[in-house]
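Undergrad: have a look at this prediction, sequence included:
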Amino acid sequence: MACLNADGTLSPSGRALVAALAAPSTPEEVARTTGLALYRVRSGLRELVAAGLVAIDGDRYRAAGP
Amino acid sequence: METTDGTTTGARLPRLNEPAPDFEATTTHGVIRLADYAGGWLVLFSHPADFTPVCTTEFMAFAAIYPELQRRHTELLGLSIDSVSAHIAWVRNIEEKTGVAIPFPVIADLDRAVATAYGMVMPGESTTETSRCVFVIDPIGRVRAMIYYPLTTGRNTEEIVRLIDALQMSDARQVSTPANWRPGDKVLIPTPPTVETAAERMTEEFASRTEGFERVDWYLCTKSVEAV
């Protein structure tokens, strides 16, 4: 669990990823925005999608809002 | 196939220029898949055990080359048959005692799934630890180089940087690199495939149109190339 803590709150990298998704972005764009390595972005986005916190639109990811 | 003593037999080991075995693994940086590295180079390496002296010096050496590897679009991924908590404790201890931060993830391969797929356990050395293996995986997921060192002997991490440089040069310029090649050195022109091209290689016309051309004989010629 790199992006989510055991209590369901976001870890620092999780918060950085969600903040970077204010506008729909590709993993490459998120990596540039956050400074995180691309493998960490891909891994983290997968985790956030599984948790329902991020949604996928085509090749872009966005924060899952109401 | 798992035997009663915990060793593995009959597993198909990775081969050069074939797809690297896929994996999804728990690491110190979360759950990582091989596909997460697609588009860049990956150096996947194993060490025998956390909190051991040779491995500690190797981790410090791998940390030292990490910025150089990143400049080459290359990531590092460690592995041993230890828990993620042991890995975390060890990398924190390395930083506390030496000041060296370990910036790359380490796979906690307690079920040996990745170690088995990559043939990292050498029963002749140890049935409980991974040997010092290195797999260089290219941007399309092929195994491009493999290095195996015994438990007793720490690896030369500068050689891994040199290896990445050589592989990237070969891919970019369709050339081979000679022994001990370093960026900036001349590269080898591929061996002529026919008697006609072998004869051409011996002509002054060929020499004059090839930058930095040097010829020992038709099969051993070098030239200059631009950096990758």
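TA: Cool, got the structure. Numbers count the residues shown, from 1 in each chain, chains lettered A, B, ... in the order given.
Undergrad: give me the buried positions along stretch B:18-37.
TA: B:20-21, B:23, B:25-32, B:34, B:36-37 (16 or more other CB atoms under 10 Å in any protein chain shown). Where you see a C-beta, it was placed from the backbone N, CA and C, and this is true even at glycine.
Undergrad: same question for stretch B:166-177.
TA: B:166, B:167, B:168, B:169, B:170, B:175, B:177.
Undergrad: quick one, strands of chain A?
TA: Residue ranges of the strands in chain A, as given by DSSP state E, are A:54-57, A:60-63.
Undergrad: in TSV: those strands, plus distance to chain B.
TA: Below are the strands of chain A laid out as TSV (distance: least, CB to the nearest CB, whole Å):
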stretch	distance to chain B
strand A:54-57	14
strand A:60-63	14
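Undergrad: buried deepest among the ones you listed, which one?
TA: strand A:60-63 (a mean of 18; mean count of other CB atoms under 10 Å in any protein chain shown).
Undergrad: quick one: mean pLDDT over the longest helix seen in chain B.
TA: Criterion DSSP state H: the longest helix present in chain B is helix B:53-71. When pLDDT is averaged along helix B:53-71, the result is 98.
Undergrad: what comes into contact with the very next helix or strand once past it?
TA: Sequence order places strand B:74-80 as the next helix or strand after helix B:53-71, per DSSP states H and E. Outside strand B:74-80, the residues within contact range by CB atoms under 8 Å, 6 or more residues apart in numbering or on different chains are A:37, A:39, B:25, B:27, B:32, B:37, B:40-50, B:55, B:59, B:62, B:66, B:69, B:87, B:104-109, B:114-115, B:120, B:129-130, B:164.
Undergrad: tell me where chain B has helices.
TA: B:53-71, B:84-98, B:113-118, B:157-173, B:195-201, B:204-208.
Undergrad: report the angle between the first one and helix B:157-173.
TA: It stands for helix B:53-71. Put simply, helix B:53-71 runs at 30 degrees to helix B:157-173, going by axes from the mean of the first three to the mean of the last three CA atoms, to 10 degrees.
Undergrad: elements contacting helix B:53-71?
TA: Here helix B:53-71 touches strand B:41-46, strand B:74-80, helix B:84-98, helix B:157-173, going by 3 or more CB pairs under 8 Å, 6 or more residues apart in numbering or on different chains; DSSP states H and E.
Undergrad: for chain A, what are the nearby residues on chain B?
TA: Residues of chain B that fall close to chain A, judged by CB under 8 Å from any CB of the partner chain: B:29, B:30, B:31, B:32, B:33, B:35, B:36, B:37, B:39, B:40, B:75.
Undergrad: quick one: which of these sit in strands?
TA: B:30, B:31, B:32, B:33, B:75.
Undergrad: these two touch, right, residue B:215 and residue B:208?
TA: No: applying CB atoms under 8 Å as the test, residue B:215 and residue B:208 come out as separate, 12.0 Å apart.
Undergrad: near chain B, which residues of chain A are found?
TA: Proximity of chain A to chain B (CB under 8 Å from any CB) is limited to residues A:1, A:2, A:3, A:37, A:38, A:39, A:40, A:42, A:43, A:44, A:46, A:47.
Undergrad: now the last one: closest residue in space, sequence neighbours ignored.
TA: Using CB to CB, 6 or more residues apart in numbering or on different chains and skipping residues adjacent in sequence, the residue nearest residue A:47 is residue A:3, 4.8 Å away.
Undergrad: show me the contacts for that neighbour.
TA: Counting by CB under 8 Å, 6+ apart, residue A:3 has contacts A:10, A:11, A:13, A:14, A:17, A:44, A:47, A:48, A:51, B:30.
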